[in-house]
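Student: Here is the input, now give the coordinates:
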Amino acid sequence: MALQINGTTVVNNSRALQNIASVDSTTAASITSAGVGGGWSQQSTGTLSGTTPQITIPNADFVRIYLFDWRHSGGTTGSYVRFQKVGSSSVDTGFNYGENYIEYFQSGNTTGSGTGGVGKTNTTALTLMDTTNNINTHGFIEFHFPRSTSQNSFGNFRMITTNNNAYGWNTQFVHRNTTGIDKLQIFNFSSLSYAGNYEVWTA
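Tutor: Alright, predicted model coming up:
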């Protein structure tokens with residue numbers, strides 16, 4: 001038998017909810033923590049421009065920043081990221097971040113030659129992509145609990161570069177000191193200007 005309130009069915013004969021006008025914050029949190037609903041939602045979009053574009057990292061458990069169709073002008077040089085700590089007015093320049101990284105570049109197509117490497121480094125300038133000059137680059141950076149002062153890992157970076165039939169990718173798993181971050185900055189050591197787009201998603 002269906003359950004009705006003021007003549008409106010709220011639970012039908014198949015035991016499905018219907019016509020629920022709203023839920024309070026406590027109920028919403030309980031439903032989400034039980035694994036119902038949730039998922040990724042877009043928070044912001046923007047463009048990468050200038051020599052040191054910055055992106056704000058939302059205060060959420062999981063954050064993904066998608067970069068697409070971005071590049072820098074000029075000669076061949078690497079692109080890097082560094083972070084701004086919560087409460088700071090500038091990006092961190094200390095050697096406070098470690099990266100376990102796997103890098104691979106494939107020249108030509110999947111049957112062509114390639115190089116790869118696995119290693120670990122402690123730096124503040126984490127490699128985003130080795131070269132992006134006039135080449136469209138796509139990928140994402142994933143953060144786990146970026147504002148937390150008890151977690152010691154960000155997540156991972158995954159980038160892919162395409163140029164005709166040549167492509168490459170760079171995968172890193174990044175560790176940090178237990179300090180929160182709220183911004184990232186993309187830069188290169190040649191002061192070349194960036195252009196491109198990004199989206200910020202949270203879960």
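
Student: Run through the helices of the protein in chain order.
Tutor: Residue ranges of the helices in the chain, as given by DSSP state H, are 25-33.

Student: Strands of that one, residue ranges please.
Tutor: Ranges of strands within the chain are 3-5, 8-11, 41-50, 54-56, 62-72, 79-85, 97-106, 114-123, 126-129, 136-144, 153-163, 166-176, 181-187, 194-202, based on DSSP state E.

Student: and of those strands, who's closest to I20?
Tutor: With CB to CB, the closest approach to I20 among the strands of the chain belongs to strand 8-11: 6.5 Å. Bear in mind the C-beta positions are built from the backbone N, C-alpha and C, glycine included.

Student: Please parse the protein into its domains.
Tutor: Taking automatic domain parsing as the reference, the chain has its domains at 3-33, 41-202.

Student: Highest mean neighbour count out of those domains?
Tutor: When you average the neighbours per residue for each of the domains of the chain (mean count of other CB atoms under 10 Å), domain 41-202 leads with a mean of 16.

Student: Let me see the mean pLDDT of that domain.
Tutor: The average pLDDT within domain 41-202 is 77.

Student: And for stretch 11-18?
Tutor: Rounded mean pLDDT across stretch 11-18 is 80.

Student: Relative to S193, how far out is the nearest residue to G196 once chain neighbours are set aside?
Tutor: The shortest distance from G196 to any non-neighbouring residue, by CB to CB, 6 or more residues apart in numbering, is to W70 (2.2 Å). For W70, the distance to S193 equals 11 Å [CB to CB, to the nearest Å].

Student: now N12
Tutor: For N12, the distance to S193 (CB to CB) stands at 58 Å.

Student: ok, now G139?
Tutor: Applying CB to CB, the value for G139 to S193 is 20 Å.

Student: And for S90?
Tutor: Per CB to CB, S90 is found 20 Å from S193.

Student: same question, T27
Tutor: 49 Å.

Student: Likewise for F95?
Tutor: Taking CB to CB, one finds F95 at 27 Å from S193.

Student: cool, and T77?
Tutor: Distance, T77 to S193, using CB to CB: 12 Å.

Student: contacting residues around T56?
Tutor: S44, D182, K183, V200 (CB atoms under 8 Å, 6 or more residues apart in numbering).

Student: Identify, from the residues you listed, the entry nearest to Q54.
Tutor: The shortest approach to Q54 among the contacts of T56 belongs to K183, at 5.3 Å (CB to CB).

Student: The closest one pairs with what?
Tutor: K183 forms beta bridges with T56, Q84, as assigned by DSSP bridges.

Student: pretty sure it contacts V91?
Tutor: Yes: here K183 reaches V91: they are 7.4 Å apart, a contact under CB atoms under 8 Å.

Student: Show me whatever sits in contact with both of those two.
Tutor: Taking CB under 8 Å, 6+ apart as the criterion, K183 and V91 both touch F83, Q84.
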